[in-house]
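Chemist: Below are the sequence and a predicted model for it; my questions follow.
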Amino acid sequence: MSSVAEKKPRLTTSAMIASIAAEGQKTVSAPFGHALVNVAQTRTNIVGLTADLSKYTDLHIFAKAFPERHFQMGMAEQLLMGAAGGMAKEGMIPFATTYAVFATRRAYDFIHQVIAEENLNVKICAALPGLTTGYGPSHQATEDIALMRGIPNLTIIDPCDALDTEQAVAAAADHNGPVYMRLLRGQVPLVLDEYDYHFELGKAKLLRDGRDVLLISSGIMTMRALETAKALTHDKVDVAVLHVPTIKPLDTATILEQCRRSGRLVVVMENHSVIGGLGEAVATALMRAQVVPVFRHIGLPDEFLAAGALPTLHDRYGISVSSLVSTVKGWLA
């Protein structure tokens, strides 16, 4: 028995893996870190802060380029947000990085009272959003958007890929006010370069059109939506993909315009709990405008998720491409 066990292949995917790139997919290394360096070259008031996670939020690239503008706050996320607010009051543009669970759950009151209430120019860039780590509920920020959507003055960005991340950093720096951005770090897939894409704060983008299904998505689910659309062409299903990188303020006008087209199944896909995220935001917008397409929602369940390797978890919770294709086909049957 022991000799057989020794011959079994070892798993090569760790639970903490932060890259969701498929095998052979184009990637860009640390797009956030490099984009921040590029912006900071001409914006000398940009500073970078982190709570002992420079390496794991790619802020170490900024720290190497501008060591005098990098601040290591230790494992104290409340202090991180309080200090960022204080620096913003002195005219700086702080980019504060940590994991999304620590930014939203541990430091919520400081974001709410110190930063957002005074509308301070702080950019919170939070890694491991949704189900992009397998470390279980302690590290899986499945409810971060729900928490942040309830805070006045706060802009929320959920980039899809490396290009989206790079452009969103520059847009966040230009925006006068607090921003919460879900951060993709490490080896980040490059997808949107094939779609003549340009990030605009507060704007949704129709990446491809289609007559049968409209997929509305944000973050990593937009890459999955595009792959799902391509896969469904083999079944002669024509699929449109609307990317919504800004969750708040929501581009209600574009969403309603697309959802008013008759004869299409509308599906919202998100890497977030089904409670309080993009799906509920879109559903609310549709109901208020009395636009009533056939509507479906794919998100993470309202429960504490398991730990494990990401491919396994994405299959289990229905956000892998194969699961998405099967689900949409089932709704069309």
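Modeler: Thanks, I have it.

Chemist: Which stretches in this structure count as helices?
Modeler: Ranges of helices in the chain, per DSSP state H, are 2-6, 31-40, 59-65, 77-89, 100-101, 108-110, 144-149, 162-174, 220-232, 252-259, 278-288, 310-316, 321-332.

Chemist: Which secondary structure elements does the last one sit against?
Modeler: When contacts are defined as 3 or more C-beta pairs under 8 Å, 6 or more residues apart in numbering; DSSP states H and E, helix 321-332 sits against strand 213-217, helix 220-232, strand 265-273, strand 294-300, helix 310-316. From N, CA and C alone the C-beta is placed, and that goes for glycine too.

Chemist: Please identify which of these is closest to Ile124.
Modeler: For Ile124, the closest of these is strand 265-273, at 16.5 Å, according to C-beta to C-beta.

Chemist: Buried deepest among the helices of the chain, which one?
Modeler: helix 100-101 (a mean of 26; mean count of other C-beta atoms under 10 Å).

Chemist: contacting residues around it?
Modeler: Ala126, Ala127, Leu128, Pro129, Ser138, His139, Gln140, Ala141, Asp144, Arg182, Leu183 (C-beta atoms under 8 Å, 6 or more residues apart in numbering).

Chemist: Which among the residues you listed count as buried?
Modeler: Restricting the contacts of helix 100-101 to buried positions leaves Ala126, Ala127, Leu128, Pro129, His139, Gln140, Ala141, Asp144, Arg182, Leu183, with burial counted as 16 or more other C-beta atoms under 10 Å.

Chemist: For these, give me JSON lines that also has distance to Lys89 and pLDDT.
Modeler: Converted to JSON lines, the buried ones among the contacts of helix 100-101 look like this (distance: C-beta to C-beta, whole Å; pLDDT from 0 to 100):
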{"residue": "Ala126", "distance to Lys89": "22", "pLDDT": "98"}
{"residue": "Ala127", "distance to Lys89": "26", "pLDDT": "97"}
{"residue": "Leu128", "distance to Lys89": "29", "pLDDT": "96"}
{"residue": "Pro129", "distance to Lys89": "28", "pLDDT": "97"}
{"residue": "His139", "distance to Lys89": "31", "pLDDT": "96"}
{"residue": "Gln140", "distance to Lys89": "33", "pLDDT": "97"}
{"residue": "Ala141", "distance to Lys89": "27", "pLDDT": "98"}
{"residue": "Asp144", "distance to Lys89": "25", "pLDDT": "98"}
{"residue": "Arg182", "distance to Lys89": "26", "pLDDT": "98"}
{"residue": "Leu183", "distance to Lys89": "24", "pLDDT": "97"}
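
Chemist: Just the closest of those residues to Gly210, please.
Modeler: Using C-beta to C-beta, Arg182 comes nearest to Gly210 of the buried ones among the contacts of helix 100-101, at 26.3 Å.

Chemist: Test my guess that that closest one contacts Pro129.
Modeler: Yes. Contact status for Arg182 versus Pro129: in contact at 3.7 Å, counting by C-beta atoms under 8 Å.

Chemist: who touches both of these two?
Modeler: With C-beta under 8 Å, 6+ apart, Arg182 and Pro129 have common neighbours Ala100, Asp144, Asp158, Gly219.

Chemist: Out of the helices and strands packed on helix 321-332, which gets nearest to Ala63?
Modeler: In terms of C-beta to C-beta, the element of the helices and strands packed on helix 321-332 nearest to Ala63 is helix 220-232, at 26.1 Å.

Chemist: Just name whatever secondary elements that closest one is in contact with.
Modeler: Packed next to helix 220-232, using 3+ C-beta pairs under 8 Å, 6+ apart, are strand 205-208, strand 213-217, strand 239-243, strand 265-273, helix 321-332.

Chemist: can you pull the contacts of Asn271?
Modeler: Contacts of Asn271 by C-beta under 8 Å, 6+ apart are Pro129, Gly130, Leu131, Thr132, Ser218, Gly219, Ile220, Met221, Gly299, Leu300, Ile319.

Chemist: now it, nearest residue through space, not along the chain?
Modeler: Spatial nearest neighbour of Asn271, excluding adjacent residues (C-beta to C-beta, 6 or more residues apart in numbering): Gly130 at 3.5 Å.

Chemist: Around that neighbour, count how many other residues there are.
Modeler: Neighbours of Gly130 under the rule other C-beta atoms under 10 Å: 27.

Chemist: Surely it is in contact with Leu300?
Modeler: Yes. If you go by C-beta under 8 Å, Gly130 and Leu300 touch, sitting 6.6 Å apart.

Chemist: which neighbours do these two share?
Modeler: Overlap of the contact sets of Gly130 and Leu300 (by C-beta under 8 Å, 6+ apart) consists of Thr142, Glu270, Asn271, His272.

Chemist: Narrow those residues to those that are buried.
Modeler: Thr142, Glu270, Asn271, His272.

Chemist: Many thanks, we can stop here.
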